[in-house]
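**Q** Sharing a model that was predicted from the sequence below.
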Amino acid sequence: MTKWLSWGVTATLLIATLSGIIISYPYHEEHPLISTVGIETVVPFGDFFRALHYFSGQLTLLLLWMHTVEALIKRRAQSRPWWSWSILILSLPAILFILFTGYVIRDDETGFSAGRIAEHLALSIPWVGKYMNHLFFLVSQDGVHRPWLIHVYLTGLVLGGTGLWHFRLRLLSLLDLGCWATICTALSLVWPASLVAPQETTLVKGPWFFLGVQELLRYLPPFWAGIAYPSLPVVCLFGYYWRPRLATLSLLLWALSYGIFLLMGACR
Ligand code: HEM
């Protein structure tokens, strides 16, 4: 199971990166929405590669999440050096951020609003918010330029940190890559990647994993709903190395509460 999940994460991450490189040729960050629509409608096989990129990205997140849960259940943290555990934990928010910036740079209704909300959340961080916004978003002044750079650079960082680690362990074979490529291809042939036209809806929903935060923003100030609360699982996962019981309980409570907010957000 462990190897199967590790292979899955590395393979889908590779497929997401390769398909990302393919769709980056017709993509121009100065005209993000026009580019995305062009990839979907004009570029030969563009809709297929867009869907391949989309589904391999979603699968990377899903498998990485399962990989982490499995490591928790099998109490693998204590048997690993702390830096190896830290790489696993840090790769979760990193992949989430790559996915999130992916939605932002497609610049449709979902991505546009996600970018604006993220900018608002970054600015809510005390003292350093302005700098964080300049570093990661600044979408209201500079379009998707910064999210685009983060999307690509962070991919390189994650591939370097986790992918190479798995290659070193010889955890990825061509057969595994082939299996995951087949699964991603099948998904892409059956379902298209979503694209929400501007003004199509009155209630704009962000990426699916962000819906819980969007819901929480109705009840809590931006910093608590969008920064402090979503950071809790990362803190707990680090804490798991020293206080496994307390960390597991906190993680379960967090997952339960986020699941409820996510459902509430999805049902709106
Ligand atoms: C060098 C690496 C990468 C490049 C050049 C790249 C390029 C792109 C481009 C041009 C778009 C916008 C066009 C579109 O939405 O169709 C995009 C969107 C996206 N990217 Fe990437 N990407 C890379 C890596 C990744 C990785 C590693 C992931 C996930 C693990 C990912 C997940 C996404 C997602 C979820 C979207 C939104 C897709 C959609 O809904 O259309 N990307 N990427």
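**A** Looks like it arrived, so ask away. Numbers count the residues shown, from 1 in each chain.
**Q** Name the residue closest to the centre of this protein, please.
**A** Centrality entry for the chain: nearest residue to the mean C-alpha point is Leu96, 2.3 Å, by CA atoms, centre = their mean.
**Q** Show me which residues of the stretch 101-250 of the chain sit near the ligand.
**A** Contact residues, the stretch 101-250 of the chain versus the ligand (CB under 6 Å from any ligand atom): 102-103, 105-106, 151-152, 155, 193-194. Backbone N, C-alpha and C define where each C-beta goes, glycine included.
**Q** Need the nearest residue in space to Ser91, chain neighbours excluded.
**A** Using CB to CB, 6 or more residues apart in numbering and skipping the chain neighbours, the partner closest in space to Ser91 is Thr162 (5.0 Å).
**Q** Next, count neighbours for that neighbour.
**A** 21 (other CB atoms under 10 Å).
**Q** need the contact list for the residue nearest to the centre of the chain.
**A** Leu96 makes contacts with 61, 209, as judged by CB atoms under 8 Å, 6 or more residues apart in numbering.
**Q** circling back to that earlier point, show me the contacts for the residue nearest to Ser91.
**A** Per CB under 8 Å, 6+ apart, neighbours of Thr162: 9-10, 13, 87-88, 91.
**Q** wait, which of those residues is closest to the ligand?
**A** Leu13 (5.6 Å; CB to the nearest ligand atom).
**Q** How is the residue nearest to the closest one when sequence neighbours are not counted assigned, secondary-structure-wise?
**A** Once flanking residues are discounted, Leu13 sits nearest to Thr60: 4.9 Å by CB to CB, 6+ apart. Here Thr60 is helix, with the state taken from DSSP: H, G, I helix; E, B strand; the rest coil.
**Q** how many neighbours does Thr60 have?
**A** Neighbours around Thr60, by other CB under 10 Å: 27.
**Q** Equivalent analysis for Arg116, please.
**A** Residues near Arg116, counting by other CB under 10 Å: 16.
**Q** which residues sit in contact with it?
**A** Neighbours of Arg116 in contact, by CB under 8 Å, 6+ apart: 139-140.
**Q** Kindly export the helix or strand hosting it (C-alpha atoms) in PDB.
**A** In the assignment (DSSP states H and E), Arg116 maps to helix 109-123. This file holds the C-alpha atoms of helix 109-123, laid out as PDB (Å, rounded to 0.1, in the frame of the first residue of the first chain):
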ATOM      1  CA  GLU A 109     -15.100  33.100 -12.800                       C
ATOM      2  CA  THR A 110     -13.800  30.500 -10.200                       C
ATOM      3  CA  GLY A 111     -10.200  31.400 -10.600                       C
ATOM      4  CA  PHE A 112     -10.700  35.200 -10.700                       C
ATOM      5  CA  SER A 113     -12.700  35.100  -7.500                       C
ATOM      6  CA  ALA A 114     -10.300  32.700  -5.800                       C
ATOM      7  CA  GLY A 115      -7.400  35.100  -6.700                       C
ATOM      8  CA  ARG A 116      -9.300  38.100  -5.200                       C
ATOM      9  CA  ILE A 117     -10.200  36.200  -2.000                       C
ATOM     10  CA  ALA A 118      -6.600  35.000  -1.600                       C
ATOM     11  CA  GLU A 119      -5.300  38.500  -2.000                       C
ATOM     12  CA  HIS A 120      -7.700  39.700   0.700                       C
ATOM     13  CA  LEU A 121      -6.600  36.800   3.000                       C
ATOM     14  CA  ALA A 122      -2.900  37.500   2.500                       C
ATOM     15  CA  LEU A 123      -3.500  41.200   3.300                       C
END
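**Q** tell me which strands and helices the helix or strand just after that helix is in contact with?
**A** Next along the chain after helix 109-123, taking DSSP H and E as the criterion, comes helix 129-136. Counting by 3 or more CB pairs under 8 Å, 6 or more residues apart in numbering; DSSP states H and E, the packing neighbours recorded for helix 129-136 are helix 109-123, helix 145-158.
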